[in-house]
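[1] Predicted model and sequence below, questions to follow.
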Amino acid sequence: MRRAWRYRWALVLALGVSACGLLGGSDPAPPAPLALPVDDDSRLPWAENEEWFVVVRKSCRSLDLYRHGIRVDSFPAVFGLAGTLASKLYEGDLRTPSGLYMVIDIRPHQRWRYFMLLDYPNVQDVHRYWVAMEEGRIPMRGDRYARMGGAIGIHGTDKPELNARDEDWTLGCISLANQDVETLAVLVPIGTLVLIED
């Protein structure tokens, strides 16, 4: 079931997303079978079969939590130091990735209250990395190229004043206020899909 949904989400990503909602605003309408919403991100009919689903909207600086396709909560979020304009390409670029991921681990964290590990890099990230490698856009680190990296997730903060000022500070993760990450960690199980939009 999860594999089928990954392919469907890949199609959603290929169609494009708007600034603060999937295919909202003036984006062209998708093919009828997907029945994606237009101009309304409070409901995601195409996610009705997912008990929990997370959408991170970098341009809106938010993390929205959906249950069976209906938004039940929204949290302010901050991202990698490099800002929200580009997607993660390699380790050390200080960017937050964009794409469809899955929560693969949830654990308490001494520094960030909770850490929800995502399955970055995924197949699309690997492809993007190798294309960038062929184009000469991956820097050298000593005698080898920068690696793709990993350990990307959703976590709380030890810098609450930066989160409160909406200031990006992570090395590529998504940071929420500590009470918000606690809420999220209690509600969503391992296996929850997370769509990160630019």
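    That came through, no problem. Just so we're clear, the structure is a prediction, and the values are computed from it rather than from any experiment.

[2] any chance you could map the helices in this structure?
    With DSSP state H as the criterion, the chain has helices at 2-15, 123-134, 160-164, 178-187.

[3] rank those by pLDDT, which is bottom?
    In terms of average pLDDT, helix 2-15 trails the rest of these, at a mean of 43.

[4] Can I get stretch 177-195 in PDB? Just the C-alpha atoms.
    These are the backbone C-alpha positions of stretch 177-195, laid out as PDB (Å, rounded to 0.1, in the frame of the first residue of the first chain):
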ATOM      1  CA  ALA A 177       8.800  24.800  18.800                       C
ATOM      2  CA  ASN A 178       9.300  22.100  21.500                       C
ATOM      3  CA  GLN A 179       5.600  21.900  22.500                       C
ATOM      4  CA  ASP A 180       4.700  21.500  18.800                       C
ATOM      5  CA  VAL A 181       7.200  18.700  18.200                       C
ATOM      6  CA  GLU A 182       6.000  16.900  21.300                       C
ATOM      7  CA  THR A 183       2.400  17.100  19.900                       C
ATOM      8  CA  LEU A 184       3.500  15.800  16.600                       C
ATOM      9  CA  ALA A 185       5.700  13.000  18.000                       C
ATOM     10  CA  VAL A 186       2.800  11.700  20.100                       C
ATOM     11  CA  LEU A 187       0.300  11.700  17.200                       C
ATOM     12  CA  VAL A 188       2.100  10.400  14.200                       C
ATOM     13  CA  PRO A 189       3.600   6.900  14.000                       C
ATOM     14  CA  ILE A 190       6.600   5.600  12.200                       C
ATOM     15  CA  GLY A 191       5.700   5.200   8.600                       C
ATOM     16  CA  THR A 192       3.900   8.500   8.300                       C
ATOM     17  CA  LEU A 193       4.400  10.200   4.900                       C
ATOM     18  CA  VAL A 194       5.900  13.700   4.900                       C
ATOM     19  CA  LEU A 195       5.600  15.900   1.800                       C
END
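
[5] which parts of it are buried?
    177-178, 180-181, 183-185, 188, 192-195 (16 or more other Cβ atoms under 10 Å). Backbone N, C-alpha and C define where each C-beta goes, glycine included.

[6] Specify which member of those residues is nearest to R147.
    Among the buried residues of stretch 177-195, V194 lies closest to R147 (Cβ to Cβ), at 22.2 Å.

[7] Name the nearest residue to that closest one, sequence neighbours excluded.
    Among residues not flanking V194 along the chain, V54 sits closest, at 4.3 Å (Cβ to Cβ, 6 or more residues apart in numbering).

[8] where does that neighbour land on pLDDT?
    pLDDT at V54 comes out at 98.

[9] show me what contacts P97?
    The contact partners of P97, taken as Cβ atoms under 8 Å, 6 or more residues apart in numbering, are 87-88, 120-121, 125, 152, 172, 196.

[10] Now the two most distant members of those residues.
    P121 and I196 (12.7 Å).

[11] Between these two, which has more neighbouring residues?
    I196 (26 against 22; other Cβ atoms under 10 Å).
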